[in-house]
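Trainee: have a look; sequence and predicted model below, questions after that.
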Protein chains: 6
Amino acid sequence: MTVPLPNQAERAAILGVHARGKTLAPDVDWDTVARATPGFSGADLANLVNEAAINAVRAGGPIIDAQDLDDARDRLLLGRRESTNALLPEERHSVAIHESGHALMAALCEHADPVAKVTILPSGPALGATEQLPEAERHLYSESYLTDLLTVRLGGRAAELVVFGEGSTGAADDLAGATQIAARMVREFGLSPALGPVGYGSGAPRYLGGESTEETLHRPYAEQTQRIVDEETARLARNAEKRAVALLSEHRKALDALAELLTTRETVDGSVVLDVLQQQQQRPDGHHPAAAGKPTPSP
Amino acid sequence: MTVPLPNQAERAAILGVHARGKTLAPDVDWDTVARATPGFSGADLANLVNEAAINAVRAGGPIIDAQDLDDARDRLLLGRRESTNALLPEERHSVAIHESGHALMAALCEHADPVAKVTILPSGPALGATEQLPEAERHLYSESYLTDLLTVRLGGRAAELVVFGEGSTGAADDLAGATQIAARMVREFGLSPALGPVGYGSGAPRYLGGESTEETLHRPYAEQTQRIVDEETARLARNAEKRAVALLSEHRKALDALAELLTTRETVDGSVVLDVLQQQQQRPDGHHPAAAGKPTPSP
Amino acid sequence: MTVPLPNQAERAAILGVHARGKTLAPDVDWDTVARATPGFSGADLANLVNEAAINAVRAGGPIIDAQDLDDARDRLLLGRRESTNALLPEERHSVAIHESGHALMAALCEHADPVAKVTILPSGPALGATEQLPEAERHLYSESYLTDLLTVRLGGRAAELVVFGEGSTGAADDLAGATQIAARMVREFGLSPALGPVGYGSGAPRYLGGESTEETLHRPYAEQTQRIVDEETARLARNAEKRAVALLSEHRKALDALAELLTTRETVDGSVVLDVLQQQQQRPDGHHPAAAGKPTPSP
Amino acid sequence: MTVPLPNQAERAAILGVHARGKTLAPDVDWDTVARATPGFSGADLANLVNEAAINAVRAGGPIIDAQDLDDARDRLLLGRRESTNALLPEERHSVAIHESGHALMAALCEHADPVAKVTILPSGPALGATEQLPEAERHLYSESYLTDLLTVRLGGRAAELVVFGEGSTGAADDLAGATQIAARMVREFGLSPALGPVGYGSGAPRYLGGESTEETLHRPYAEQTQRIVDEETARLARNAEKRAVALLSEHRKALDALAELLTTRETVDGSVVLDVLQQQQQRPDGHHPAAAGKPTPSP
Amino acid sequence: MTVPLPNQAERAAILGVHARGKTLAPDVDWDTVARATPGFSGADLANLVNEAAINAVRAGGPIIDAQDLDDARDRLLLGRRESTNALLPEERHSVAIHESGHALMAALCEHADPVAKVTILPSGPALGATEQLPEAERHLYSESYLTDLLTVRLGGRAAELVVFGEGSTGAADDLAGATQIAARMVREFGLSPALGPVGYGSGAPRYLGGESTEETLHRPYAEQTQRIVDEETARLARNAEKRAVALLSEHRKALDALAELLTTRETVDGSVVLDVLQQQQQRPDGHHPAAAGKPTPSP
Amino acid sequence: MTVPLPNQAERAAILGVHARGKTLAPDVDWDTVARATPGFSGADLANLVNEAAINAVRAGGPIIDAQDLDDARDRLLLGRRESTNALLPEERHSVAIHESGHALMAALCEHADPVAKVTILPSGPALGATEQLPEAERHLYSESYLTDLLTVRLGGRAAELVVFGEGSTGAADDLAGATQIAARMVREFGLSPALGPVGYGSGAPRYLGGESTEETLHRPYAEQTQRIVDEETARLARNAEKRAVALLSEHRKALDALAELLTTRETVDGSVVLDVLQQQQQRPDGHHPAAAGKPTPSP
């Protein structure tokens, strides 16, 4: 956290610097690009310009236009994804439901970072992805933020439970990640009443072979204390899953609609997620997104 | 999963490529071969053609015919098996019952991959084998699929229990394999209500000697949590065994008939398993395979 | 503890020695500087003079004045802090509340060392700091002193709980530090009735690779004994947090006032903390600082 | 199990091959020798002929007769045993009772391999030995077989308990061996209802220093699960001991008679064990060996 | 214990040997010095003479007198102590109370070795010291002796509890030492009825890297057995502390008087401790030291 | 056990061989020496003759007489012991009582090996010794023998309890040795009903660094099973101590008489122990040694 991320004005300036000596189309507006890249570091912005230049060359010329920059931003956000027919149709449906679960939780949880992109294109072992971008660099995370983080992380699996009535192996990484977050809430951040206001760092030995082996061979606490950590970790994860299942059941129509959109378009912007949510809630079934708490962010 | 398996059309094309420069008998039809080799990779298909060519040479000439390709496919599916009289007659019977148990479970469980071959010829330490082939490459496995996988895996032992009233050492590998599957369902895939929606990866240290030893000396969870993993693992295994015993008791005639067929022919195709099952169920005892749930696959 | 810290007279003399050959402004009075640097070692005092000389050169000349010395003292007390707009406004507020909690606990707990400086300027990963200076070097710490130490350490988190109703990741270091203090009270200093008058040193292996491995592989006591250590550690931490929450609720106005001051001035002296406390207590709401027990120290 | 043992006809042929170029006495009949060497491998049979040739040379000439072959077979079955007066008379009696216990259990348990030889001559640290030879090579072991194996293994100690009313250090190897068999029944072969149909291989780390240390530092299951393994192991051992004590109490006269024979002759054939058992049961006390279940094998 | 310590006559002779060639003042009497140095080894006595010679040279000449020898003995008994004003006045008081607690316990416990010197001068990290000298070398320690040893060791902390009502960090070394003594009483010397007449040596692995690793990785007993060791260790320590608190409460006046003397004189002889005790008991409050059991030793 | 010990006749012959070329006094009778050296190996007997020759040379000439041989035998039995006045009188008494306890238990327990020598002369760290010699080499140890072994081992401590009412540090080695014997009875020899007829070898890892690490990192059984081992070990030790205390209380006069003899003579033969026992029992208090069970051995 020692080197802060650039703010929007700084991003526009940095983009200008990296674009020096490159030919730009008239539709390129650095302020627009800067507004669409919250949380990008200086290095990210340099990469963005380089990728856009490569895109331009591939498209036949040296002139970078707005579309080149937009495509480059997507590539940086989601990684290199492959459009492939490797997945079975029911698997594509399953991935679409899973990613829609993540995306809707990010949109509905008050303290969650907004969704930037959702995709069902695979990248390496990952069958899909939902990318969130913070509105600004954070240095402190409140209990509310972490609770929402857990809910978003378990939103994919919750969607599978709501739609298919059973889980699958596709949620393994989400479960591992949510478990690590919840365990740190309990062990390092004092957020479990059962364990109390204590902190045990990572709860594991750090440096074997170093000068001091004081902490290398034992946990700094008892087995039974670790069991309390496990129980509290599971309790936080269960609560997050229960909340995600409840919210997704309530917004089932949005879930199905978003999954359908994803199956067709493969990749959608965060704004599309919000649109789907609003459309479903303006319908006569009477639910309004405001009731779920989170004001629509203006990206 | 990064390199997808070829589909049927692709397999036919790949076979054609590898057969270039080789003389083929008129009865060779790549589409037929491709239909019989679901789940084969490009390398598997190259091997298939090479093995068939060797078979042809052994049979006296350079012309590959349909039988050469069929034999080569069997060899690739089941490994090199030896026709031997090393086993005692009662051991042959026991192996035939055991493999029939696996094969019938694969045929009767709705989400199980279909049986390709069953054999009671030994190969190395394995006294017999039941090979299943997925209808297509999968990337996601549902809880239902994994539950059926367990049932098939414990089907051999269940058949021994049904027919002989006791187990034997022949099920050791099945038990170890089923235990690993069930343990991952509990620990990595969140499929145990008792443990909850948490994920602990392989539950074991990863990199000893690497930079970080954070996870090398402790399990990431408590002993008592491991005990819950063990209890849930055993519960899943018990349920699968109970289900297999019930299904095999219900289909006892098919079990005996298939075992008898295996004792005579030593190796049979998956279609034979389905035939045996249908014949037994068309008899006046009134059971129909459809009642057991699984529609006959069309291989 | 073998080399004692210099007392005030000695500090004045040491400062004089290190200032030999340097030009001093008429407003420099070594006794005043010595009074403001309790707990400084000889090396600290040498640093102080050097830093002041550098300050003077930067300000344009070789003459060190009282302000140069004052600035140098602040730098040594708090480290090099950066005035930065990296934090979000709500984060600055959160840090101000957190540090005010530490500072007020140090002011209100009878045996706590007095506050020297409080800042919300970040330094490396630390977002703020509250520095205390002992009135004299100590060689023995009573149970009362250690209990107050815990309360001050958990005062930042307690302030977050009082003001925001929830904790945050910002208290992680405080929790880890308080846990270590409380664990030593229990395990090494015999201050837990539940464990009794026993002492287990650091409770961890000391010398791996040395001549004797007697203590390297086992804790010198049982798992269940470690559990008692954990329970007693948590009990001490809970009591300290409860006390801090009660005191800060009682002095809520001083807490808000101090946090507001910090948000404006970024860094304040310990005397300002005492002023805020006195002002709030002279108001008609009737609370007096004397009631909280600690006589105002005269720095 | 990859190379099967030769059957009787094959053994006769193999013996003939290895005897080529050697002079045989007219009383040598390969079929008789083959019948007496079930379970011998090809290498064992080669050794047998070589040992017999050495015996012949020692006896003064190059002609191998039936006695040379018989002696060579004994040496291969029992190892090199020393006729020594090192043991005290009461120790010889104790060893004779112990070995008679093993031999009678092998004769009385239905699924046990038949006794080939019993001796009270010491060989290295072993004070006596009871050798069993399977009637044919086995590849599968049923629960019944393993239960009888345990009973034979604990038969020596059971005989000590029946005759002397107390155990001795002489059963240490039997106890260790029986414990390993019983533990594998529980942990690897799914033969304990309390643990269920799970399999944990050897339950211990395999490859330290290899690429993966996944299983090196933890058992793959919990302490409490190991306790269930221990309890079930002890239960199987207790049942086997109880059964052996009951059978030997019932056949106490045969036990004493066989021990007396052994004290005199030091080494006896398995057929002698069966003779002793039949003689004791034809007496007026009315017990018949058939009642104990095992049909007399025809070696 | 293989080389026994010299007795008084031998000590006088050894001193004479080491003093050969040195000039002695007429007031030097080797028998007097020998009587004051019980428990000194031959090497200790050689050091004593050397130190006295150095003292003499410092005092201006080569003649060693009785005072030089006395000072040298003190230095050897207590180490090099510094008269320093580093401690705060309340810390000096606390140390005086603490050391008086040790000294009085040594004087009042029947089997404790008599006090030689008490000091509140610090030496390295130790803020004070109470040195006891055995009246003769011991080779066997009875349960009574060990119980008194514990009481003396915890006497310093007990005095803090009696006078200040709370403990401090100053007792950490005493607690660690008492814990080690008590644990050996339980684990090695069979002095705990709860553990019984068993002995587990140091209860810890001995030789890592040696030929046998039999004991390196496991304690030779169960966790629950270690818990019994911990409980019994704590029970012995609690009893000793309770006894010390009771005795010091009874002799509170002597405690305060001795502490006051120590504050003034900084170092006192063991005889002074006995004097203080007798003076307080001859007063009208009616307690007599004989009632506390220990006859005044005649040093 | 592979090389048996020589019997009496063989010992006489071996002694003769080693004495060849040496001059013997007329009073040397090899049969007498052989009768007094049961359990000596060939190497022991060679040592005996060499030691006697050295004794003879020291006594002034090359002629070995009966006394030289007798002294040499004592040295070999008891090690090199020092007559020293290092021990305090009460320590000598304590050692005499302790060794008398061992010696009387060896004399009174039916299956114990007879006493050869008892001494209160120290040798290295051991303050005394009681040496037993088996009447013949044993290869099997019954439960009765091991139970008596435990009783003899704890007889020294039992004597301290009977005479002094408390234990001492002098029994530490006895406790450790008895604990190891009892633990093997439970863990290896199946002599604990609570653990059952199982055997776990030494219960500790064997070969670290070898090919297989199967047993290196885990005990082969559960913690709770080790706790049963500990409980049963303690139960056997408690029973042995209780029995020793009862027997020594009954023979208290013999205990005191033997201790007094030892204090005077320092070393006595086993026959003296039997004499003391008989003398005390012929007195009017009516106890007879036969009642305690053990027939007087004729050495």
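Mentor: Nice, thanks for sending it over. All values derive from a computational prediction rather than experimental measurement.

Trainee: just give me the neighbour total for A:Glu135.
Mentor: 13 (other Cβ atoms under 10 Å in any protein chain shown). Placement of C-beta: from N, CA and C, glycine included.

Trainee: now do A:Thr151
Mentor: A:Thr151: 25 neighbours (other Cβ under 10 Å).

Trainee: please verify my assumption that it contacts A:Ala107.
Mentor: No - taking Cβ atoms under 8 Å as the definition, A:Thr151 is not a contact partner of A:Ala107, at 11.5 Å.

Trainee: quick one: low-confidence ranges for chain A?
Mentor: The model of chain A has pLDDT under 70 over residues A:1-4, A:84-85, A:202-218, A:283-299.

Trainee: now the helices for it?
Mentor: Applying DSSP state H to chain A gives helices spanning A:8-18, A:30-35, A:42-58, A:66-78, A:89-108, A:143-153, A:155-164, A:172-187, A:223-250, A:252-265, A:270-281.

Trainee: list the buried residues in stretch A:23-42.
Mentor: In terms of neighbour count (16 or more other Cβ atoms under 10 Å in any protein chain shown), stretch A:23-42 has its buried residues at A:24, A:28, A:30, A:33-34, A:36-42.

Trainee: could the residues you listed be laid out in a markdown table, adding distance to E:Ala171?
Mentor: Output for these, formatted as a markdown table (distance: Cβ to Cβ, whole Å):
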| residue | distance to E:Ala171 |
| --- | --- |
| A:Leu24 | 75 |
| A:Val28 | 74 |
| A:Trp30 | 68 |
| A:Val33 | 67 |
| A:Ala34 | 63 |
| A:Ala36 | 65 |
| A:Thr37 | 61 |
| A:Pro38 | 57 |
| A:Gly39 | 54 |
| A:Phe40 | 58 |
| A:Ser41 | 54 |
| A:Gly42 | 56 |
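
Trainee: what count of nearby residues applies to the residue of the stretch 51-200 of chain A found nearest chain C?
Mentor: Residue nearest to chain C within the stretch 51-200 of chain A: A:Gly199 (2.9 Å; Cβ to the nearest Cβ). By the criterion of other Cβ under 10 Å, A:Gly199 has 22 neighbours.

Trainee: which residues touch it?
Mentor: Taking Cβ atoms under 8 Å, 6 or more residues apart in numbering or on different chains as the criterion, A:Gly199 is in contact with A:187-190, C:171-179.

Trainee: pull out the buried members of those residues.
Mentor: So, by 16+ other Cβ under 10 Å, the buried ones in the contacts of A:Gly199 are A:187-190, C:171-176, C:178-179.

Trainee: which one of the residues you listed is nearest to chain D?
Mentor: The closest of these, once distances to chain D are taken by Cβ to the nearest Cβ, is A:Arg187, at 20.2 Å.

Trainee: residue numbers of the stretch 51-200 of chain A in contact with chain B?
Mentor: Residues of the stretch 51-200 of chain A lying near chain B by Cβ under 8 Å from any Cβ of the partner chain: A:84-88, A:91, A:94-95, A:122, A:124-125, A:127, A:154, A:157, A:164, A:166-179, A:182-183.

Trainee: what about 7 Å?
Mentor: Within the stretch 51-200 of chain A, the residues that sit near chain B (Cβ under 7 Å from any Cβ of the partner chain) are A:84, A:86-88, A:91, A:94, A:124-125, A:127, A:154, A:157, A:166-172, A:175-176, A:179.

Trainee: what about the residue of the stretch 101-250 of chain A found nearest chain D, how many residues nearby?
Mentor: Chain D sits closest to A:Glu223 of the stretch 101-250 of chain A, with a gap of 9.5 Å, by Cβ to the nearest Cβ. Using other Cβ under 10 Å, A:Glu223 has 18 other residues around it.

Trainee: and what of A:Lys22?
Mentor: If we define neighbours as other Cβ under 10 Å, then A:Lys22 has 15 of them.

Trainee: pretty sure it is touching A:Ile64, no?
Mentor: Yes - using Cβ atoms under 7 Å, A:Lys22 is in contact with A:Ile64, at 6.0 Å.

Trainee: joint contacts of the two?
Mentor: Overlap of the contact sets of A:Lys22 and A:Ile64 (by Cβ atoms under 7 Å, 6 or more residues apart in numbering or on different chains) consists of A:Ala53.
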